[in-house]
Structure formats: C-alpha cells, structure tokens
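Colleague: Quick one, fold the following:
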Amino acid sequence: MYFLDFEKPIAELESKIEELRHLSDADGLNIAEEVGRLQVKVDKQLKGVYAKLTPWQKTQVARHPNRPHCIDYLKALFTDVTPLAGDRVFGEDRAIIGGLARFRGQGVVVVGQEKGDDTETRLRHNFGMAMPEGYRKVCKLLDLADRFQLPVLTLVDTAGAYPGVSAEERGQAEAIARSIDACLDLRAPLVSCVIGEGGSGGAIAIAAGNTVMMLEHSIYSVISPEGCASILWRSGGMAQQAAEALRLTAQDLLEFKIIDEVIAEPMGGAHRDRAAVFASVGDAFERHLRELGTLDGATLRQKRREKFLRMGREGLA
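Modeller: Predicted coordinates:
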C-alpha cells in the first residue's frame, strides 16, 4: 500500500499490524487481540483524517497510484467488451479507451481515459492525456451510439488533453470542440463519472452528459492546481493555495450545480476497497440509465443542451 504524506500516522499503525501478523502463534503470543486493537485505531484515524480533507489532499487522493483506473472499471462492470480503435484520420490514441460492451445485460458504448499504473503502461497510454486522434475516436464512438440508439457511459480520469506541439499541429482545440459538440448532439442517454482527475477541456470532451457524477474524493477543474499556481504566482509551490481557490472538489461542484451526484467512497479512498467502489459506480450508472431511458432522443438532447447553457447563465448572473 502506498501512503500519502498526511497518512503517515496511519502508515505506522498498519506497519505494526503487518509485523504482528507475521509473528507465529507458536511463539506463545496471542496476537489477535493486539491486531484487533490496532485495527480499531486505524479505522478511527482513517475516519478522522478523511472527514476533513483539504482540497489539496483530495487532489492527492484523486491521483493516488493505487486508485482504480478506467481499465479496472471496464473489467469489473462490463462484459463482452469490444474495443474499437483509431479515428479514421490519423491513428490510434491509447489514452482514450472505448468500444461496445454490455453493462448489466444492456448494450452500451463505453468511453474512458486511461492513465496507466506503471511506467510501461503510463507511457503506452500517455498518462491519460489524449491527442486529437483520441477525441476524434470519441466522435466516431458517439456517432455509432447515436446511430444504434445505445446509451453511452464515460469514465473521466485525465490531467488534461496533451499540450505538446504535435497535438497542436494536428488540431487539438478543434478536436476537443468537436467531441464536446458530439456529446451535446447525441440522441441517446449519456452518463459520465469522474473517477479520479477531471482536467480542463480534456475531461469535459467526454463529460458533457445528461448526468455527471463524481466520486467523493475525485477532482474536476478548468486547470490543475500546479498549472494555476504557475500562472498566478509563477511558482508550482503554491499548488496548495491554488487548489483551495479553484473549488475543485466534488462537494464544491455539487453545490455549484456543475455536477449532479457525489458517489461515496469507502473509508480511506477508492483504492482501499475496489469491489465496493465498483459496485457503487455500477449502481449509480444503472439508476441514471433507467431514469433517462424513459425519454426520447430529442428530449435527451434538448435537456443536455439546456443543462450546460444554464451553467453559463447562472455563472454570469
């Protein structure tokens, strides 16, 4: 288990528990009672720490190396997954994963951003930062969903679209804009969930949905705290203050009506009980698909557009 800086007291207790579990009862020690006592302390510490996380600490949890990624949700929630690759223009972008699948018996199109969980996979998926071809692939998948009236489920987890010269040369901004437009034009239900980090246009390109959810300790913002700090204070060291100012937590965004639901995470974050968080996200997806399934295509599209127009009107008021 990887521990964050603010989890050091918890790490020390769990280290003691691990040491005790390696001791044998043959040594004449009754370790069960001591392990139980320490576990109660761990649970109490976790509850106390995670009940009052700062925005910067939530940012760290959202980026936790052990946090479940898009591929983990695909394996846990979907069956008969048929990945579709390429954008029919330039090539394949592995930062965006998508295709046809079954979700609890229902045919869907699933799209997500994959960061990778070790050096090899992070390089392969470009740390979840998509190129223009990734967003053009999203347009292709949404067109498929629209044509066959398949609901779309998206899993958002990116620091942002790739900002390099090569992406700009191939039309990054235009590709993101077309992806957002494809989301808003879709005549099928579109439900999005921010499972980790939702960064800038790279996130909203697949998150302009009828329903947008966030996990309790995920973040969603126009820019990363480090990027904001480098612009405002010309110092990445001010990232903590930037996180406070950005109001990027799920709780803040629910208050501002930017998102529609916050999904509770297991105590200590999604990485501590993957099965529980998969079940919670799956149940939320199913509930919203059932509600949206009663609406026709024109109504779904109109309500989605009105939702995002309302954000702009209320934000300017």
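
Colleague: hmm, who's touching the helix or strand containing Val109?
Modeller: Assigning secondary structure by DSSP states H and E places Val109 in strand 106-113. Residues from elsewhere that reach strand 106-113, judged by CB atoms under 8 Å, 6 or more residues apart in numbering: 70, 73-74, 78, 81, 95-103, 128, 130, 138, 141-142, 144-145, 150-158, 202-203, 206, 289. Where you see a C-beta, it was placed from the backbone N, CA and C, and this is true even at glycine.

Colleague: Touching, Val262 and Met213? I think so.
Modeller: Yes. Here Val262 lies in contact with Met213, judged by CB atoms under 8 Å, at a distance of 7.3 Å.

Colleague: Which one's more surrounded, those two?
Modeller: The neighbour count for Val262 versus Met213, taken as other CB atoms under 10 Å, is higher for Met213 (25 against 18).

Colleague: Next one: that one relative to Pro151, how far apart?
Modeller: 14 Å (CB to CB, to the nearest Å).

Colleague: Straight-line length of stretch 101-117, end to end?
Modeller: 23 Å (CA to CA, to the nearest Å).

Colleague: and that stretch, average pLDDT?
Modeller: In this model, stretch 101-117 has a mean pLDDT of 95.

Colleague: Just the buried positions in it, please.
Modeller: Ala101, Phe103, Val108, Val109, Val110, Val111, Gly112, Gln113, Glu114, Lys115, Gly116, Asp117 (16 or more other CB atoms under 10 Å).

Colleague: Stretch 134-146 now?
Modeller: Gly134, Tyr135, Arg136, Lys137, Val138, Cys139, Lys140, Leu141, Leu142, Leu144, Ala145, Asp146.

Colleague: wait, isn't the second one in contact with Ala95?
Modeller: No. With contact defined as CB under 8 Å, Tyr135 and Ala95 do not form a contacting pair (9.8 Å).

Colleague: Please, a ChimeraX command that selects the buried ones among the contacts of strand 106-113?
Modeller: Typed into ChimeraX, the line below selects the buried ones among the contacts of strand 106-113, using 16+ other CB under 10 Å:
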select :70,73,74,78,81,95,96,97,98,99,100,101,103,128,130,138,141,142,144,145,150,151,152,153,154,155,156,157,158,202,203,206,289
